[in-house]
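>>> Could you work out the structure for the sequence below:
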Amino acid sequence: MPKDNEKVEKTELELAEEKLKKLQEAKRLKEVQKEIEELEKADDFTLSDGSQVQMNKPTPLNMKKMQMEKTPAEQEYKIIGDLCNLTAKEIDDMPLEDYEVYQRKLATFLS
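Residues are numbered from 1 along each chain as shown. I've put the predicted structure just below:
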């Protein structure tokens, strides 16, 4: 027959295991929340001024004009300008963080 001390120790052990399980669940929840935030950010096409990227869907003509450029960087520059009705100067003058938003938006069409 178990002694009362053994019951108390077992109960304390069970409590410790439950606490550990809750801590592990909390850690996993934080990890999942972080993953969700990263996914939401990947789908967020907000520019630094708070506006949303406005980009037309590419057409075969856009693709043809893009391919006439020499380098991949020039091709990307050209198609972003064409699809967003932006001039080369507007692209040149935009913050790099905004250009990266345009790149992400473009990738949704080309992937």
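>>> lowest average confidence, helix or strand, in the chain?
helix 4-42 (a mean of 79; mean pLDDT, DSSP states H and E).
>>> helix or strand right after that one?
Next helix or strand after helix 4-42 toward the C-terminus (DSSP states H and E): helix 60-67.
>>> Over to residue 47: give its phi and psi.
Note on residue 47: its backbone torsions stand at phi -80, psi 170 [degrees, to the nearest 10].
>>> That one reaches residue 99, doesn't it?
No: under the criterion of Cβ atoms under 8 Å, residue 47 is not in contact with residue 99, lying 9.8 Å apart. Quick note: C-beta positions are derived from backbone N, CA and C, even for glycine.
>>> nearest residue to residue 58 other than its sequence neighbours?
In space, residue 58 comes closest to residue 109 once its chain neighbours are excluded; the distance is 5.4 Å by Cβ to Cβ, 6 or more residues apart in numbering.
>>> Quick one: residues contacting the one you found.
Residues near residue 109 by Cβ atoms under 8 Å, 6 or more residues apart in numbering: 55, 57-58, 83.
>>> Include pLDDT, distance to residue 66 and neighbour count when you put these into JSON lines, please.
Listed next are those as JSON lines, based on pLDDT from 0 to 100; distance: Cβ to Cβ, whole Å; neighbours: other Cβ atoms under 10 Å:
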{"residue": "55", "pLDDT": "92", "distance to residue 66": "14", "neighbour count": "19"}
{"residue": "57", "pLDDT": "93", "distance to residue 66": "14", "neighbour count": "8"}
{"residue": "58", "pLDDT": "94", "distance to residue 66": "8", "neighbour count": "16"}
{"residue": "83", "pLDDT": "95", "distance to residue 66": "10", "neighbour count": "21"}
